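Asks: this one's sequence-less:
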């Protein structure tokens, strides 16, 4: 089972479409060497090392048991190949030069295949002093205090109910307790209540892009990405910075 192909990206800048264009997975470029034949053994070792690292970091990366089982099967399969066989697998469909190097015409910076303004699964911005939500606004117009503290009390109660630290006081809390029980060991993925609340209440997107580059949490600790999101990407912005949320499918 593969990870979701859908993701959200925050684009920072006056011309979001132009900023995203560099990462278009549909764009063709001049031919370049994507894989060197001499690196076949190293490519295979690195692939195994990366997946084993993800497996070892299951809790921090918030990976489900199904995804971990898939990764274990992939590691087993790759280890069963020779480096030449593995090279043939990862270069399937590409052209080769006279030295056996794999040639590609695909955009090496590709991040997305399809993209649209957020409307289906993103969390929109809430505007200051307005009961209105939007996916594009200036930094000074956004109620960051609200976005980073939404439902904090609710998740605190949910944590305590999930750990049977308190008894439900009303029908809503009874429903929360039932939902928490149905999720099995979900809460065990978090080291403490604060981490759980942070994960569920702070505002974040899967990726951020501006004129300086593309940033996402692939290969990173998800909790660190979420807890540092505002400080790393929002706090430094000027009041007139234009922010836009897009929903995308990943480039293959």
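Replies: Yep, it's here. Because the structure is a prediction, the values reported are computed rather than measured.
Asks: ok, the residue positioned nearest the centre of the chain to residue 152 distance?
Replies: With distances taken as CA atoms, centre = their mean, residue 206 lies nearest the centre of the chain, 3.7 Å away. To residue 152, residue 206 is 22 Å away according to CB to CB, to the nearest Å. C-beta here means a position set from N, CA and C on the backbone, and glycine is covered the same way.
Asks: which ones are touching the residue nearest to the centre of the chain?
Replies: Neighbour list for residue 206: 7-9, 216-217 [criterion: CB atoms under 8 Å, 6 or more residues apart in numbering].
Asks: show me which of the residues you listed are buried.
Replies: With burial judged by 16 or more other CB atoms under 10 Å, the buried subset of the contacts of residue 206 is 7-9, 217.
Asks: look up phi and psi at the closest residue to residue 100 other than its chain neighbours.
Replies: Closest residue to residue 100 in three dimensions, ignoring its sequence neighbours and counting by CB to CB, 6 or more residues apart in numbering: residue 37, at 3.6 Å. With angles defined as degrees, to the nearest 10, residue 37 sits at phi -60, psi -40.
Asks: per-residue pLDDT, residue 37?
Replies: You'll see residue 37 listed with a pLDDT of 97.
Asks: wouldn't it be in contact with residue 101 here?
Replies: Yes: between residue 37 and residue 101 there is a contact at 5.4 Å, judged by CB atoms under 8 Å.
Asks: can you flag which of the buried ones among the contacts of residue 206 belong to strands?
Replies: Of the buried ones among the contacts of residue 206, the ones assigned to strands by DSSP state E are 7-9.
Asks: out of the residues you listed, who's nearest residue 222?
Replies: residue 7 (12.7 Å; CB to CB).
Asks: now do the contacts for that closest one.
Replies: Contacts of residue 7 by CB under 8 Å, 6+ apart are 205-207, 216, 247-250.
Asks: which SS class is the residue of the chain most remote from its centre?
Replies: Relative to the centre of the chain, and counting by CA atoms, centre = their mean, the farthest-placed residue is residue 98 at 38.2 Å. For residue 98, the assignment made with DSSP: H, G, I helix; E, B strand; the rest coil gives coil.
Asks: ok, now residue 172?
Replies: Applying three-state DSSP: residue 172 is helix.
Asks: list the beta-bridge partners for the nearest residue to the residue nearest to the centre of the chain once chain neighbours are set aside.
Replies: Nearest residue to residue 206 in three dimensions, chain neighbours excluded: residue 7, at 3.9 Å (CB to CB, 6+ apart). Taking DSSP bridges as the rule, residue 7 bridges to residue 248.
Asks: tell me how far residue 215 lies from residue 206.
Replies: 10 Å.
Asks: model confidence over the longest helix anywhere in the chain, on average?
Replies: Taking DSSP state H as the criterion, the chain has its longest helix at helix 40-56. Here helix 40-56 scores 92 as its mean pLDDT.
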